[in-house]
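> Model the following, please.
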Amino acid sequence: MASSISSLPSLSSVSSKFSQTLRPRTRPIFIAFLSLLILIPLIHYTLDVRSHWRQLPEHHRWNIALENTPTWVQPYVGQVLKNPAGMMGPPSVVSELRNAPWAGGWNTPKLVSPEYRYVPTSRGIQMHLISPAFVMLHIFSTSSAGSRKRRHFIRELGLTGAIPEKFRHLVEIKFVMGLQRPQEGHEGSKEAEEQEKEIARENERFGDIVRLRELEGEENMNHGKSWEWLRYVGREGGRKAWWVLKCDDDTLPILPNLLPFLLSLDPSKPTYIGSALGRWTGYHYYFQGMMYGFSWGVVKTMAVADVPRSSRNYQWDEDARMGGLMFSLPPAPGIDPNSTTCNPPKVDHPKWSLPPPSPDACTGLNWVDVGPRLGNVGGWGIADARRALAWHPLKNENEYAAAYERAKEEFERAGREYVWEVPDMFRTVAE
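This next block holds a predicted model:
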């Protein structure tokens, strides 16, 4: 046997003979063949990118370019691409917010085992969690019949099924709605009154609806709903949290990705989280309304700022309004509020169309732009379930269910279970 093995040709001699067989005529053909194998997919990819790029609106091209260029390159993007909104000046400062306590000066809530408050209802005793949450995820809803159907669907789908049962108290999922004020004799008052009764029964059953009383009307999505929501959470919400997020009811949060991502951030630092990919460049930097959130310190500062109701609730695009307010947060300790750092000259400049420095030199705010990890499900360049934090827009229950199943299937193909892997640091607060 040994003699038969030793008689076999060595690998180097076989390789040498193979190389010799490629010379001189067949080797160029072989190299050309390999080159084609490499070039064909590259050409296909380039044509695909070019096709999609041409179909994008100008402001989307601008945002994608900023997302994919280093910070030091971003000031030069305007020399290559057109900013459809042109130049603008610095954002206006809301003085009452600027004079509030600094967003980095609040204590990060201490997470503990679940603690409850017991509330008697006609259905019996309801248990309301009062111990701090790791994450508050509040879903913006309305009083319409369609929105009520969507709330029931989301409950039945069971988003918290992605969280091990002993740790579900760390994640609060609630629905946020305005409060209708039916006026007797007005058209639709009886229908509104019946809707309010139905919502009251729903909340008595599930205990997961937040009603905002300080809105100018019923919902007023573009009249300060988000700020009133933050005031509610920071003043009377009943719980504290490390992170407070809102999302629309047509957005699917992918919790097994979202929760670890939030754990990678420091909740003690003032932070604003979201995606700027779809923003309109005519507004100062902001994150899209499908989902965005804040550290607890930012929530508290926004909640306690002594800002008149007329300033809070004036009409403006809601998500752009919230992003603009981040420039009015109080200055960090040691920063002069009257310096040009906090009050830049009122002149137009290209820098106001670029992502703000992070942390901000005046406020210390960290702008965390997750880019394509939030976006339209299956959209070009948007992350799949392996990295996505949330998908949007799921306009009916079938689309929402399909996206949920797609996320679980993509997890399975990646060898992952669709469950949050709770870190050891939380083991001491298990229920």
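> can you tell me the helix or strand for residue 404?
Here residue 404 sits within helix 397-413, counting by DSSP states H and E.
> Now residue 168, what are its backbone angles?
The phi and psi values for residue 168, taken as degrees, to the nearest 10, are phi -70, psi -20.
> distance of it from residue 128?
For residue 168, the distance to residue 128 (C-beta to C-beta, to the nearest Å) stands at 14 Å. Backbone N, C-alpha and C define where each C-beta goes, glycine included.
> Between the two, point out the one with more neighbours.
residue 168 (17 against 11; other C-beta atoms under 10 Å).
> List the residues that contact that one.
160, 431 (C-beta atoms under 8 Å, 6 or more residues apart in numbering).
> What of residue 286?
Contacts of residue 286 (C-beta under 8 Å, 6+ apart): 274, 276, 279, 319, 320, 321, 322, 323, 324, 326.
> if we go to 6 Å?
Residue 286 makes contact with 279, 319, 320, 323, according to C-beta atoms under 6 Å, 6 or more residues apart in numbering.
> Which secondary structure state does it sit in?
coil (DSSP: H, G, I helix; E, B strand; the rest coil).
> That one: what's its closest spatial neighbour, skipping adjacent residues?
In space, residue 286 comes closest to residue 323 once its chain neighbours are excluded; the distance is 2.2 Å by C-beta to C-beta, 6 or more residues apart in numbering.
> doesn't that neighbour fall inside a strand?
No: the assignment for residue 323 is helix, going by three-state DSSP, so no strand is present there.
> And for it, the neighbour number?
Around residue 323 sit 25 other residues, with neighbours defined as other C-beta under 10 Å.
> Tell me how far the residue nearest to residue 265 when sequence neighbours are not counted lies from residue 279.
Closest residue in space to residue 265, ignoring its immediate chain neighbours: residue 271 at 6.2 Å, by C-beta to C-beta, 6+ apart. As for residue 271, its distance to residue 279 is 18 Å (criterion: C-beta to C-beta).
> same deal with residue 362?
Residue 362 sits 21 Å away from residue 279, taking C-beta to C-beta as the criterion.
> so how far is residue 296 from the closest residue in space to residue 104 that isn't next to it in sequence?
On the basis of C-beta to C-beta, 6+ apart, the spatially nearest residue to residue 104 that is not a chain neighbour turns out to be residue 270, at 4.8 Å. When distance is defined by C-beta to C-beta, residue 270 is 10 Å away from residue 296.
> do residue 425 as well
Counting by C-beta to C-beta, the gap from residue 425 to residue 296 is 17 Å.
> How about residue 413?
In this structure, residue 413 lies at 36 Å from residue 296, with C-beta to C-beta as the measure.
> which of those two has more neighbours?
Comparing residue 413 with residue 296 by neighbour count (other C-beta under 10 Å), the higher total belongs to residue 296, at 26 against 11.
> Dihedrals phi and psi, the more buried one?
Here is the backbone geometry of residue 296 (degrees, to the nearest 10): phi -60, psi -40.
> go on, the one 5 residues further on?
Listed backbone geometry of residue 301 is phi -60, psi -40, with angles given as degrees, to the nearest 10.
> Hmm, residue 100 and it touching each other?
Yes: taking C-beta atoms under 6 Å as the definition, residue 301 is a contact partner of residue 100 at 5.0 Å.
> Tell me which of those two has more neighbours.
Counting neighbours by other C-beta under 10 Å for residue 301 and for residue 100 shows that residue 301 has the greater number, 25 against 19.
> The more buried one and residue 330, how far apart?
When residue 301 is compared with residue 330 (using C-beta to C-beta), they lie 6 Å apart.
> what sits in contact with each of these two?
Shared contacts of residue 301 and residue 330, defined by C-beta under 6 Å, 6+ apart, are found at residue 100.
> per-residue pLDDT, the residue nearest to residue 286?
Confidence per residue is given as pLDDT, and for residue 323 that number is 93.
> go on, residue 15?
pLDDT for residue 15: 46.
> And for the one 4 residues further on?
In this model, residue 19 is scored at 49, pLDDT.
> cool, residue 217 as well?
On the pLDDT scale, residue 217 is placed at 53.
> swap in residue 415?
Here, the pLDDT recorded for residue 415 equals 96.
> quick one: it from residue 254, how far?
As judged by C-beta to C-beta, residue 415 and residue 254 stand 16 Å apart.
> who's more crowded, these two?
Comparing residue 415 with residue 254 by other C-beta under 10 Å, the one with more neighbours is residue 254, at 27 against 6.
> I'm done for today, thanks for sticking with me.
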